[in-house]
Each structure stands twice: as structure tokens, then as C-alpha cells.
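**Q** here is my input; please provide its structure:
(one chain, ligands or ions: 1)
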Amino acid sequence: IRRAISEARKNIAEIIGAEEDEIIFTSGGTEADNWALKSILFGENSRKRIITSTIEHHAILNTCSVLEKMGYEVIYLPVNRFGMVSTSDLENALDENVALVSIMYANNEIGTIQNIVELSAVTHRFGALFHTDAVQAIGHIGVDVKKEGIDLLSASAHKFNGPKGIGFIYIKAGAEIAPLITGGSQEFGKRAGTENVAGIVGMSVALKENFSGLKENMYFVSGLEETFLEIMQRSGLDFCINANANKIPGNISLSFFNVEGEVLLHRLDLRGIEIATGSACDSQNTRISHVIRAIGVPEEYAKGTVRISFGKDNTEEDVEIIAKELIRAVKGLMGGR
Ligand code: PLP
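**A** Just a heads-up that it's a prediction; the model follows:
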């Protein structure tokens, strides 16, 4: 078992450009995100401020709310229409009171990839640590923690065809991060609890498999996406595309004018097509997600948002069927049927 865990750690470390003892297994992305942010509670640090963005996953946003209630300060950076954080906004918000900057690598609703190299560089100029929630990026695009100046990174296996309930955090050697979960001496004494061996090995195998075909998959999935968008654009329907070219391949967020995303989802479900609305209820209990709000999709389009994710097992034929059914569903709703 020790050998299996060690091989898994080595494999994962190599894939993201880390050293073995910089990879600590967690129960998933949520735990890794909690750990990165709550590390501010345990250190000797006199800095009491965190900077993040408005489009983070709730694993980050809700943890920030808890920290705010405990007296810490959190600055939420805005994003542009395509979900990009501006480096100069970050620079303006940074000072000697900021302990940690946490900006997600790629957004889970719209796929936008941030300029991590620039964001981490400016963070370091002010002596703060840079964390990225890379749950949506790892296994889909190449990530190199050293080259990109990342101090802390969260990842989750189920986002790259691995098992659920397992993930990891990368903690750069030398970064002083106290354990979130205390107890026994597993994981170099940094994360207590008996290891989820099957999960760890499964995660490593899944990441290796995804990584070995990464370039081909990215190319293939981008091709599917292109075909899909071409068909959608020829349809003459009124919709907006919620990202620009700098995004995770295969992750598409569209907002249709004057229809309900939820109804589209159900209509496609009846035809065996699984899409998402990308609109998990936000704190005001509306049907428009915090990400769609943050990027400023106009109200009459926002409620018609759907998220379509293509993967390596999809085919051109799937894409044509999905586009056809989606067009039919939108036209049906416009006609009141
Ligand atoms: N961060 C992002 C960007 C996600 O998409 C998710 C989704 O699962 C999480 C964090 C939470 O990860 P987990 O489900 O492994 O706890």
C-alpha cells in the first residue's frame, strides 16, 4: 500500500511539475480549497486579508464568508464579460496586509482560463501566497506549478474521469501551511486520517491516462465544439456565447434570449441528452448563477443559460444531434409549445 501511494504521488507530481512531497491527498477539491483559505487561521501571519474573484466555486466563496464572519477581510475582484480577472485590478488591491490571493485556474461554468503567470507574479511582488482552484483545469490542459509561480493548487479526481471523493492539494515546499485536519501522521504529518488508497490509485491512473492523450483530446474536443457552434450560429437563434477563445476545450456556456434554461434542460433530458443549466441557485435564490451575473449577461438572456460539456468519448454525430435537439427545443419554446 505504501508503494502504491508513493507511486501515485510521484506520477501526479510529475504531471504538474511538482516534487513528490509537495502533493498531499485530500477528500477532493472542496477540502483542498478550505485548507488553502483557512491556512490563514493557523499561521503566525499578521496579514489578515484574502483576495479572490467573484466567479469562484462555492468551495471558495462560502469559505470566504466564514472567514469574513471571523473578522478576516476578503476582497472580491470583478471580472470582464468573459470572466477574466484583470492583473492591474489585482495589483491595485494588493498591499502588505494581503496573506493570500486565490484565483481559479479555469471556471467550471464558462471554462474561462485566467492568466495565472501574471497573477501569481504580481501577488509575489507583494509577498503574498498564490492559490489557484485548478479543479476544472487539471487533466484538461497542461499545468506546471513551478513555471506558473503557483504556491498552492487544488484538484479533484472526478473532473478528469477519476473516482469521486478524492483530490489533492499542491503545497510548494517552504510555504508554511498548517494542517486543516489534525490527528495521525499520514501525508507527512500534514493531513491526518487513513488514506483513501483505492481513490488515490484511481486518481493517479485517471490523470495519467488523461495526460497521455491531452493534446489529441484538446484538439478533438475543440473540433467538436467548433462544429457545434457552427450549427448553432447557422440556426439564426438569438444567443450569446459566454467565453472567448481562452477557455477549456469542450466547455460551452450559451445564453438564449427569452427562454428558460431549466426548461431546455428538461426537454433535452427527455431525448437522452444531458446538459446543465450552469445556474446553481445563488444566495439570493434566483435561477441565475453568480458567474453569469458577474460576467454581466443581460437579464433577458441570463435565465436562458445552458452549459454543454463535450468529452473525448463524444462523436461528431453526437454533436449534430445535440445541436439539432437544442435548436428544436429553443424554437419550440419561442413558439410557446
Ligand atoms: N472547485 C471547482 C472549480 C469545481 O468545479 C468543483 C466541483 O466539483 C469544486 C471546486 C469542488 O470539488 P469537489 O467536488 O471535489 O469537492
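**Q** residues from the chain in reach of the ligand?
**A** Proximity of the chain to the ligand (CB under 6 Å from any ligand atom) is limited to residues 28-30, 33, 57, 59, 104, 108, 133, 135-136, 156, 167. Where C-beta positions appear, they are placed from N, C-alpha and C, glycine not excepted.
**Q** now, which of those sits nearest residue 268?
**A** residue 108 (19.9 Å; CB to CB).
**Q** I'd like to know how many residues surround the closest one.
**A** Around residue 108 there are 23 other residues, counting by other CB atoms under 10 Å.
**Q** do the same with residue 45
**A** With other CB under 10 Å as criterion, residue 45 counts 14.
**Q** same check, this time on residue 68
**A** Residue 68, neighbours per other CB under 10 Å, totals 12.
**Q** for residue 5, which residues are in contact?
**A** 25, 195, 197, 200-201 (CB atoms under 8 Å, 6 or more residues apart in numbering).
**Q** closest one of the residues of the chain next to the ligand to residue 264?
**A** The closest of these, once distances to residue 264 are taken by CB to CB, is residue 108, at 19.3 Å.
**Q** and the residue nearest the centre of this protein?
**A** residue 136 (3.5 Å; CA atoms, centre = their mean).
**Q** would you agree that one is in contact with residue 106?
**A** Yes: counting by CB atoms under 8 Å, residue 106 is a contact partner of residue 136 at 4.3 Å.
**Q** shared neighbours of those two, anything?
**A** Shared contacts of residue 136 and residue 106, counting by CB under 8 Å, 6+ apart, come down to 248, 251.
**Q** picking up where we left off before, could the residues of the chain next to the ligand go into JSON lines alongside pLDDT and distance to residue 241?
**A** Below are these laid out as JSON lines (pLDDT from 0 to 100; distance: CB to CB, whole Å):
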{"residue": "28", "pLDDT": "98", "distance to residue 241": "30"}
{"residue": "29", "pLDDT": "98", "distance to residue 241": "26"}
{"residue": "30", "pLDDT": "98", "distance to residue 241": "29"}
{"residue": "33", "pLDDT": "98", "distance to residue 241": "28"}
{"residue": "57", "pLDDT": "97", "distance to residue 241": "22"}
{"residue": "59", "pLDDT": "98", "distance to residue 241": "26"}
{"residue": "104", "pLDDT": "98", "distance to residue 241": "20"}
{"residue": "108", "pLDDT": "94", "distance to residue 241": "17"}
{"residue": "133", "pLDDT": "98", "distance to residue 241": "23"}
{"residue": "135", "pLDDT": "98", "distance to residue 241": "23"}
{"residue": "136", "pLDDT": "96", "distance to residue 241": "18"}
{"residue": "156", "pLDDT": "98", "distance to residue 241": "26"}
{"residue": "167", "pLDDT": "98", "distance to residue 241": "30"}
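**Q** all set now, cheers.
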